[in-house]
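J.: With the sequence up front, the predicted model follows.
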Amino acid sequence: MATQNGGPTENKAPSLNVLAQFVKDFSFENPHAPRSLMAPQSQPDVNIQINVNAKPGANGEFEVELKIEGGAKVEGNTLFAFDLSYGGIFRILNIPEQSLQPVVLIECPRLLFPFARQIIADAVRNGGFPPLMIDPVDFAALYQQRMNAEMQRQGAVGQA
């Protein structure tokens, strides 16, 4: 609390605080080791999918989960596969209601992503492969795709 003219005033500045971050679930598979560690004949096909989920809690807190799944294949054979659920607890205060969902689904995963990316890169490297450095993610575009899909789904339900 700040003071103004000798009396207390309440701080109404917007704030976003990371209270905790954690690995919720993680798996890494190298199903054809050691054969998969031999130099591949061709460039591997890497596939990555990213999703964001959030659950509100008490006192302006939100649990945000960044789910990253993917792997690499060569000629239809799996080199490696991973599945990471990386979470964070965020306290978000004094954000207007209309801006709250974008903050939770864009800014929070943007803060979590570098840590999740490092976990995956280390696991792939520890599995015997070069580290997989996932390109930065545009969480604003991901959010917009999600909102567009939701609007289309609601439009289809409204027409039925």
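T.: Structure received.
J.: May I have the predicted confidence score for the spatially most central residue of the chain?
T.: Geometric centre of the chain, nearest residue: Leu66, 2.7 Å, by CA atoms, centre = their mean. If you check Leu66, the pLDDT there is 97.
J.: Am I right that it falls within a strand?
T.: Yes. Counting by DSSP: H, G, I helix; E, B strand; the rest coil, Leu66 is located in a strand.
J.: That one is in contact with Tyr86, isn't it?
T.: Yes. The criterion here is CB atoms under 8 Å, and Leu66 meets it with Tyr86 at 4.8 Å. All C-beta spots, glycine's among them, are computed from the backbone N, C-alpha and C.
J.: and Ala54, how many neighbours?
T.: 17 (other CB atoms under 10 Å).
J.: so it sits in a strand?
T.: Yes. Applying three-state DSSP, one finds Ala54 inside a strand.
J.: pLDDT averaged over the biggest helix by length in the chain - what is it?
T.: Longest helix in the chain, counting residues (DSSP state H): helix 139-159. Taken as a whole, helix 139-159 has an average pLDDT of 84.
J.: Give me the common contacts of Leu66 and Tyr86.
T.: 112, 116 (CB atoms under 8 Å, 6 or more residues apart in numbering).
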